[in-house]
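Trainee: Sequence first, predicted coordinates after that:
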Amino acid sequence: MLAENYFNTANQLKDSGQLYTAMIAYQKALSIKPDYVEAYKKLAEVYLMQGNFDAAISACQEAVKIQPHFASAYLTLGNIFQSQNLFEQAINTYHQALKFQPIFAEVYANIGSVYYKQRDFNLAILNYQTALEINPKLASVQLMLGNVFAQIGEFDRAVYCYQKLLQIQPEDPKAYFKLAEVFALYTNLEPAFDYYQKSLSIQPNYREAFAKLYKLLKPETTEQELEVLFTEWQKLARENNQNIKQYIDSVIQEKSTNFIEEEKFRGEQNREVIISDGEHGIKPATFNLIPEKKVESFEN
């Protein structure tokens, strides 16, 4: 069997989450073709996903030993350092990748995430925007940029980013959820309600969206009650193909117009930027490390 065959099989296993078997297949490819730099890089990504940082670093080092200007290996190595909160080493390694490949969107995106973690929001935004200038189809970066704007209280710009994300991935439940959160902060509750529903219509098991939607309508609902209601909703969605609007209408007779109007009035008095993580209900933005990947189509 050719090394390329093992490599392709390993990629499929990795994509499906079968990390141990993927690791074995990459190692087999390397035993046949010891200078297979792409296999070393992919093997490093598997080790990173397993949390085996030393092995991941070693695999990247083997790749750049064979091909010193292999920018993708430096990207992966930077991701390994970032995963360990070794931010200075991560930044230096990402810049090494840019030295060999200056137009590299995923590198700029990960630099942005390092700066976000260091709470340098201006540099985070700058690097996310640079990544999107290079590759506007990177949906995950559009999401992260929107999260940063929401985090610092620039809600209009956050909404713009989430809407751009929906142009790339029209059925992304996370984008609708984030739009709902922003409109809820604006106390513009009707679109917030609709966006939470849209998110759940795409992904019925999206518990956080269900909880936010239900609490928007019935703020007094406890976590214990939510757990029971969510289980009930899951059963109805699975067995009866019931959509979220039908469910909400069946358990809540009206959308509590008085509550919505009261919240609108209260929000006009208290609207402010997000001062601390989670103060207004938006959780701190979370960021995934972005490996190099091909963007196959606009729909991604």
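Mentor: Nice, I can see it. Everything numeric here is computed off the predicted structure, so don't read it as measured data.

Trainee: C-alpha from now on. contacts and neighbour counts both.
Mentor: Noted.

Trainee: And the longest helix along the chain, what's buried?
Mentor: The longest helix of the chain (DSSP state H) is helix 223-239. Neighbour-count burial for helix 223-239 flags 226, 229, 230, 233, 234, 237 (criterion: 16 or more other Cα atoms under 10 Å).

Trainee: again with stretch 50-65
Mentor: 53, 55, 56, 57, 59, 60, 61, 62, 63, 64.

Trainee: Give me the residues contacting the helix or strand hosting the second one.
Mentor: Spelled out, that is residue 55. Assessed by DSSP states H and E, residue 55 sits inside helix 53-66. Contact with helix 53-66 is made by 35-38, 40-41, 43-48, 70, 73-74, 76-77, 80, as judged by Cα atoms under 8 Å, 6 or more residues apart in numbering.

Trainee: now do stretch 162-180
Mentor: Taking Cα under 8 Å, 6+ apart as the rule, stretch 162-180 contacts 137, 139, 142-143, 146, 159, 191-196, 198-200, 202-203, 209, 298-300.

Trainee: quick one: that stretch to chain centroid distance?
Mentor: 12 Å (Cα atoms, centre = their mean, to the nearest Å).

Trainee: what's the answer for stretch 55-64, then?
Mentor: The answer for stretch 55-64 is 26 Å, by Cα atoms, centre = their mean.

Trainee: returning to what we had before: alpha carbons only: can I get the helix holding residue 55 in PDB?
Mentor: C-alpha atoms of helix 53-66 as PDB (Å, rounded to 0.1, in the frame of the first residue of the first chain):
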ATOM      1  CA  PHE A  53       2.100  18.500  23.300                       C
ATOM      2  CA  ASP A  54       5.600  17.100  23.400                       C
ATOM      3  CA  ALA A  55       4.900  14.600  20.600                       C
ATOM      4  CA  ALA A  56       3.200  17.300  18.600                       C
ATOM      5  CA  ILE A  57       6.200  19.600  18.800                       C
ATOM      6  CA  SER A  58       8.500  16.800  17.900                       C
ATOM      7  CA  ALA A  59       6.400  16.000  14.800                       C
ATOM      8  CA  CYS A  60       6.500  19.600  13.700                       C
ATOM      9  CA  GLN A  61      10.300  19.800  14.200                       C
ATOM     10  CA  GLU A  62      10.700  16.700  12.000                       C
ATOM     11  CA  ALA A  63       8.700  18.400   9.300                       C
ATOM     12  CA  VAL A  64      10.800  21.600   9.300                       C
ATOM     13  CA  LYS A  65      14.000  19.600   9.500                       C
ATOM     14  CA  ILE A  66      13.100  18.100   6.200                       C
END
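
Trainee: The following helix or strand past it packs against which elements?
Mentor: Later in the chain than helix 53-66, the nearest helix or strand by DSSP H and E is helix 71-83. Contacts defined by 3 or more Cα pairs under 8 Å, 6 or more residues apart in numbering; DSSP states H and E place helix 71-83 against helix 37-50, helix 53-66, helix 87-100, helix 105-117.

Trainee: could you dump those to TSV with distance to residue 168 and mean pLDDT?
Mentor: What follows is the helices and strands packed on helix 71-83, written out as TSV (distance: least, Cα to Cα, whole Å; pLDDT from 0 to 100):
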stretch	distance to residue 168	mean pLDDT
helix 37-50	26	96
helix 53-66	32	97
helix 87-100	26	98
helix 105-117	16	97
